[in-house]
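J.: no sequence for this one, just the structure:
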Ligand code: AMP
């Protein structure tokens, strides 16, 4: 895998006028700052690349834990995919390096942290805020699908907020680069579409479903098919048992959009470019894609 480089994060050394050769990153290239959070396989730190002063988030993963959980292949795929994506609503992966015990991912720093925490704090978002986020995610997913990348795990826990308040898709652990329809069961149950719950073939329209679930959760504070038992969530997803609570009050236009995304027949789900033209999005989403509160 090549090391991806940002203009300020260029990692090249030219050797006596010959073509520049890409050098590997090491821990010595960074000043390490405060911990930003803790994940399943390691820690994330604020860091500064010494030469450029570029601020990044350095994710440190323990090889032993990756091996134990048999996710090395998944991580490799995540790095391969995320390092090639360039979109304002997709967290950049600038590069990676490793030593004997650890793997380090050099990530774009998302200054405003986790969307999940924001949602917990607010319980639910205003229609303006929800529509702005949904539109920006639709644009990011249109970009991914154009590159034959299906995310397959869109949910609040995988979204970070940048310094301007813009959403960033941050986790490509379940994504695939594909030209074919897939059968793999992955993602988190609440966000899975019927075709993945039932393990039949699926394609990029799985992300339209998950975005519909996310839109619902933004507006109501809970995902639409939530149930005490896994088996009940399964049943509700497969039957598309979609109900809109009376509180909080949500406009009929928002409900119309959600109903057009949470459709069992994959080919009947509202295409993402059509979503961007839906009256609820047009009337509520900030054209800049940035929600400032
Ligand atoms: P993860 O291992 O990806 O689940 O990350 C653990 C925690 O670190 C997250 O829940 C965030 O709070 C924080 N974090 C991860 N990546 C970033 C980033 N790029 N910018 C800011 N905070 C981050």
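T.: The structure has been received and is ready for your questions. Nothing here was measured: the structure is a model prediction, and the numbers come from that model. Numbering: from 1, shown residues only.
J.: Would you map the helices across the protein?
T.: Shown for the chain, the helices assigned by DSSP state H span residues 63-68, 72-82, 115-122, 127-146, 194-197, 205-220, 230-238, 252-261, 272-275, 279-284.
J.: what's residue 113 in contact with, if anything?
T.: 36, 160-161 (Cβ atoms under 8 Å, 6 or more residues apart in numbering). Where you see a C-beta, it was placed from the backbone N, CA and C, and this is true even at glycine.
J.: Include neighbour count, distance to residue 142 and pLDDT when you put those into CSV, please.
T.: Below are the contacts of residue 113 laid out as CSV (neighbours: other Cβ atoms under 10 Å; distance: Cβ to Cβ, whole Å; pLDDT from 0 to 100):
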residue, neighbour count, distance to residue 142, pLDDT
36, 20, 29, 96
160, 25, 20, 96
161, 20, 20, 96
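J.: Sitting in strands, which of those residues do you find?
T.: Under the assignment DSSP state E, these contribute 36, 160-161 to strands.
J.: list the contacts for whichever residue of the chain sits closest to the ligand?
T.: Nearest residue of the chain to the ligand (Cβ to the nearest ligand atom) works out as residue 39 at 1.8 Å. With contact set as Cβ under 8 Å, 6+ apart, residue 39 has these partners: residue 59.
J.: Got the confidence number for it?
T.: Looking at residue 39, its pLDDT reads 82.
J.: same check, this time on residue 176
T.: 65.
J.: Begin at 2 from now on, thanks
T.: OK, 2 is where the count begins now, so the last one is residue 177.
J.: Number of residues surrounding residue 260?
T.: Applying other Cβ atoms under 10 Å, we find 16 residues neighbouring residue 260.
J.: Does it touch residue 251 like I think?
T.: No: here residue 260 lies out of contact with residue 251, judged by Cβ atoms under 8 Å, at a distance of 11.8 Å.
J.: that older thread, from the ones in strands among the contacts of residue 114, list the ones also adjacent to the ligand.
T.: Restricting those to those touching the ligand (Cβ under 6 Å from any ligand atom) yields 37, 161.
J.: sorry, back to before: export the contacts of residue 114 to a markdown table and append columns for distance to residue 271.
T.: Output for the contacts of residue 114, formatted as a markdown table (distance: Cβ to Cβ, whole Å):
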| residue | distance to residue 271 |
| --- | --- |
| 37 | 36 |
| 161 | 26 |
| 162 | 25 |
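J.: Residue numbers of the stretch 2-151 of the chain in contact with the ligand?
T.: 37-40, 45, 58, 92, 108-111, 114-115.
J.: wait, what's in contact with the spatially most central residue of the chain?
T.: Taking Cα atoms, centre = their mean, the centroid of the chain lies closest to residue 170, which sits 2.8 Å from it. Residues near residue 170 by Cβ under 8 Å, 6+ apart: 90-92, 138, 141, 152, 155, 159-160.
J.: Can you give me the distance of it to residue 280?
T.: Counting by Cβ to Cβ, to the nearest Å, the gap between residue 170 and residue 280 amounts to 25 Å.
J.: tell me, how many neighbours does the residue nearest to residue 32 when sequence neighbours are not counted end up with?
T.: In space, residue 32 comes closest to residue 49 once its chain neighbours are excluded; the distance is 4.6 Å by Cβ to Cβ, 6 or more residues apart in numbering. Residue 49 sits with 17 neighbouring residues when counted by other Cβ under 10 Å.
J.: With residue 102 instead?
T.: 10.
J.: Quick one: residues contacting it.
T.: Residue 102 makes contacts with 63-65, as judged by Cβ under 8 Å, 6+ apart.
J.: Write down the beta-bridge partners of residue 56, one by one.
T.: Under DSSP bridges, the beta-bridge partners of residue 56 are residue 49.
J.: what's the spacing between it and residue 32?
T.: Counting by Cβ to Cβ, the separation of residue 56 from residue 32 is 10 Å.
J.: Give me the more crowded residue out of these two.
T.: For the pair residue 56 and residue 32, the greater number of neighbours falls to residue 56 (16 against 12), based on other Cβ under 10 Å.
J.: quick one: that one and residue 37 touch, right?
T.: No: taking contact to mean Cβ under 8 Å, the distance of 11.1 Å between residue 56 and residue 37 leaves them out of contact.
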